[in-house]
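Participant: Predicted model and sequence follow; I will ask about them next.
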Amino acid sequence: MVQAIENLTALTTRLITTGPHPRLEGWDRAVVDVLDAHPVTGYADLLSRYVGSHLELAVPSRLMAGLAPGTTIRLRARLATGEAMAEKRPPHGAFVTEPPP
């Protein structure tokens, strides 16, 4: 049996598109540009390699409500079963948005 690696990366992203996730109820699939990434202390960093690239990211729908393309989103995400996923219940201040310029 393969054991999952506990991982978490702090990302700064820019939203390109979003819509309902095809498999996860209550989640959206956001396509983002990854602008910056930093490891989170105590966790493996598996997402920094996406800086400068597009990334498909599963995000709870309640966090994505009303966000327009171009929005900057600062969040923490992990790689789980081959998919990048934002924290389901991010701690206060760990999911921050800024409207498009």
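Facilitator: Alright, I've got the coordinates. Numbering: from 1, shown residues only.
Participant: Apart from its chain neighbours, what residue comes closest to the residue nearest the centre of the chain?
Facilitator: Centrality entry for the chain: nearest residue to the mean C-alpha point is Ala86, 4.1 Å, by Cα atoms, centre = their mean. Of all residues not flanking Ala86 in the chain, Val59 sits nearest, at 4.3 Å (Cβ to Cβ, 6 or more residues apart in numbering). Where you see a C-beta, it was placed from the backbone N, CA and C, and this is true even at glycine.
Participant: In this structure the one you found contacts Leu24, no?
Facilitator: No - using Cβ atoms under 8 Å, Val59 is not in contact with Leu24, being 9.9 Å away.
Participant: Which of those two has more residues huddled nearby?
Facilitator: Val59 (28 against 15; other Cβ atoms under 10 Å).
Participant: Give the helix, strand or coil label for that one.
Facilitator: Secondary structure for Val59, judged by DSSP: H, G, I helix; E, B strand; the rest coil, is strand.
Participant: pLDDT wise, what is it at?
Facilitator: Val59 carries a pLDDT value of 98.
Participant: for Ser53, same thing?
Facilitator: We note a pLDDT of 98 for Ser53 in this prediction.
Participant: and it, how many neighbours?
Facilitator: Ser53: 9 neighbours (other Cβ under 10 Å).
Participant: For it, which non-adjacent residue is closest in space?
Facilitator: In space, Ser53 is closest to Val34, 5.9 Å off (Cβ to Cβ, 6+ apart).
Participant: Also Gly26?
Facilitator: Nearest residue to Gly26, sequence neighbours excluded (Cβ to Cβ, 6+ apart): Ser61, at 5.5 Å.
Participant: Same question for Arg74.
Facilitator: Closest to Arg74 by Cβ to Cβ, 6+ apart is Val96, at 4.5 Å.
Participant: residues contacting the residue nearest to Ala86?
Facilitator: Thr18, Trp27, Asp28, Arg29, Ala30, Leu75, Met85, Ala86 (Cβ atoms under 8 Å, 6 or more residues apart in numbering).
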